[in-house]
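J.: Quick one: sequence and predicted model below, then my questions.
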Amino acid sequence: MIASFPAAILMLAAVLPPHRPLRILIVSDTVNPHGLSSSDLTEAGDIGNALRQPGTGISLDPGVDAVYEVPTNDIELATAELLLPACDPGSYDVLVYFSHRIPLPDAGKPLGPQVRQDQFTDAVTAFLLSGGGMVSFHHGSYFATGKEGILQLIGATANGSVPWNTVDGQNVIATAPGHFVTDNGVTYSGNVVYQDLARGVPNASYAYFNNTPDERYPSFNYNGTAFFTTTLFASNYNEGGTTHLLGFTHRRAPWSGIVVGYQPGEYQPNALDNLSGNNFQILANAILYAADARRRNAIVLTVEKGPGAGETSLQWSAGQGDYTVYRGTDPARVTDRCDRQGTTTATTWVDAPPSAGIVYYQVSGP
């Protein structure tokens, strides 16, 4: 079954550094609590259509299915794709999750909606363990009955009212200066003093831009089970408090992959075209960051021969584990999921590389 959506004409503008060609899987559905027109609402099909347009900055695999968007009601199609071996040429690098609910009941399918959702969640877990990345976009992080499992993987949950503000919108404050997702190609209009100690944001002056109109998520918080988190974006509107989560990363110790979450996205002209540019740039940044471990940190690595014949010893010094070791013959693709050798809690690794040719190593961690 091939999922299809109406065509959209979008003008995009994003700039990304050189990177290996990517394959992007999307799971999506539509919800319209504010009665927006189709041209104003970001809905199912829009993300895939946007990513297929020229000018995204994202290098795509030449296959016709390099961007594959699956409706939530057909979530089992995405499950099958996520379970492909990492070295399968048809496997995907990153999942963009844009589902506000689980599949609807379907008498034509042998399994019920919750079973299909749970199988998808298990597949996402395996995907993250094996080095795949996930971007939870907009209502992907919003609570619906049956989504509890996937929300635990995402690391944060929104619920309650979602006010539509056409006067002030919300400020998007970059609370992680220097981070690839917040800094690469994003244009900020000013600075504002902000702090949110509960979410790890110290008192400081941070760059921001404004989204108007925008849908606000006043109740959006990290889950109690979230592991390694970094708050990337926040907002300071006065509604249910003055500290609000907008964007983040989440990673669990065993995963080689990572989740990036970003809340703004209801209003399509801001989210996916170049009327503002920033939100699509952030989405493109998030996709590359989630898909490619080389963007996530630069661990200093030393390599020596031994201890045994034909073996190589790797050693590094960094913060908290787990760490993922990659080895490949192409330096541009060394952090491909197929080049993943394994994970470790230690800061050493003994490898037995092929005897012929040159190999390259990279180590990534939280």
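T.: Yep, that arrived.

J.: Let's verify the closest residue to Leu272 other than its chain neighbours: helix, strand, or coil?
T.: Take Leu272 and drop its neighbours on the chain: the residue closest to it by CB to CB, 6 or more residues apart in numbering is Ala50, 4.5 Å away. Heads up, the C-betas are built off the backbone N, CA and C, glycines and all. Classification of Ala50 using DSSP: H, G, I helix; E, B strand; the rest coil returns helix.

J.: just Arg116 next, same as before
T.: Following three-state DSSP, Arg116 is assigned to helix.

J.: do the one 10 residues further on as well
T.: At Ala126, secondary structure determined by three-state DSSP is helix.

J.: And for it, the neighbour number?
T.: Per other CB atoms under 10 Å, the neighbour tally for Ala126 reads 11.

J.: do you know how far it is from Leu22?
T.: Remark: distance between Ala126 and Leu22 (CB to CB, to the nearest Å) = 19 Å.

J.: Any regions of the stretch 201-350 of the chain where pLDDT drops low?
T.: Scanning the stretch 201-350 of the chain for pLDDT under 70 picks out the ranges 274-276, 298, 319-321.

J.: Can you pull the domain assignment for the protein?
T.: Annotated domains of the chain cover 24-294, 301-364 [automatic domain parsing].

J.: how about those domains, which one is nearest Val15?
T.: Of all the domains of the chain, domain 24-294 sits nearest to Val15, with 4.4 Å by CB to CB.

J.: All the helices of the stretch 51-200 of the chain, residue numbers only.
T.: Secondary structure of the stretch 51-200 of the chain, counting by DSSP state H, counting those that start in this stretch: helices at 75-82, 113-129, 148-154, 180-183.

J.: any chance of the ones you listed in CSV, with mean pLDDT and distance to Val260 too?
T.: Below are those laid out as CSV (pLDDT from 0 to 100; distance: least, CB to CB, whole Å):
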stretch, mean pLDDT, distance to Val260
helix 75-82, 98, 17
helix 113-129, 98, 12
helix 148-154, 98, 10
helix 180-183, 97, 6
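
J.: So Thr324, which state does it fall into?
T.: On the basis of three-state DSSP, Thr324 is classed as strand.

J.: That one: how many residues sit nearby?
T.: Thr324 - counted by other CB under 10 Å - has 24 other residues nearby.

J.: Check the gap between it and Leu128 for me.
T.: Counting by CB to CB, the gap from Thr324 to Leu128 is 11 Å.

J.: returning to what we had before: from memory the residue nearest to Leu272 sits against Phe280, does it?
T.: Yes: with contacts counted by CB atoms under 8 Å, Ala50 reaches Phe280, the gap being 7.1 Å.

J.: The two: which is more packed in?
T.: The neighbour count for Ala50 versus Phe280, taken as other CB under 10 Å, is higher for Phe280 (27 against 23).

J.: what about the helix or strand where the more buried one lies, distance to the chain center?
T.: In this assignment (DSSP states H and E), Phe280 forms part of helix 278-291. Mean-position distance between helix 278-291 and its chain equals 8 Å (CA atoms, centre = their mean, to the nearest Å).

J.: What of stretch 173-188?
T.: Centroid displacement of stretch 173-188 relative to its chain, using CA atoms, centre = their mean, is 15 Å.

J.: Give me the contacts around it.
T.: The contact list for stretch 173-188, computed with CB atoms under 8 Å, 6 or more residues apart in numbering, reads 14-17, 57, 192, 194, 196, 201, 206-209, 230-236, 246-247, 249, 260, 277-278, 281-282, 284-286, 288-289, 295-296.

J.: ok, the nearest residue to Ile150 once chain neighbours are set aside - how many residues close by?
T.: Closest residue in space to Ile150, ignoring its immediate chain neighbours: Thr121 at 4.9 Å, by CB to CB, 6+ apart. As a burial measure, Thr121 scores 20 neighbours (other CB under 10 Å).

J.: Equivalent analysis for Thr56, please.
T.: Thr56 has 23 neighbours, counted by other CB under 10 Å.

J.: Ok, the one 3 residues further on next?
T.: Using other CB under 10 Å, the number of residues around Ser59 comes to 13.

J.: per-residue pLDDT, it?
T.: Per-residue pLDDT puts Ser59 at 96.

J.: For it, list the residues it contacts.
T.: 16, 18-22.

J.: Can I get the buried part of these as one PyMOL selection?
T.: In PyMOL, this line selects whichever of the contacts of Ser59 come out buried by 16 or more other CB atoms under 10 Å:
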select buried, resi 16+19+20+22
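
J.: Please report how far Tyr323 lies from Leu301.
T.: For Tyr323 relative to Leu301 (CB to CB), the value is 10 Å.

J.: hey, what's in contact with both of these two?
T.: With contacts defined as CB under 8 Å, 6+ apart, the residues adjacent to both Tyr323 and Leu301 are 316, 363.

J.: Comparing these two, which residue is more hemmed in?
T.: Neighbour count, other CB under 10 Å: between Tyr323 and Leu301, Tyr323 has more, with 25 against 16.

J.: ok, for the more buried one, nearest residue in space, not its chain neighbours?
T.: Leaving aside its chain neighbours, Tyr323 sits nearest to Gly365 (4.4 Å; criterion: CB to CB, 6+ apart).

J.: Looking at that neighbour now. What's its pLDDT?
T.: pLDDT, Gly365: 77.

J.: let's number from 131 now, not from 1
T.: New numbering, starting at 131: the last item is Gly495.

J.: okay but it is in contact with Val455, surely?
T.: No: applying CB under 8 Å as the test, Gly495 and Val455 come out as separate, 10.1 Å apart.

J.: Report the central residue of the chain.
T.: Computing the C-alpha centroid of the chain and ranking residues by CA atoms, centre = their mean puts Val265 first, at 2.2 Å.

J.: contacting residues for that one?
T.: Counting by CB under 8 Å, 6+ apart, Val265 makes contact with 224-227, 389-392, 413, 416-417, 420.
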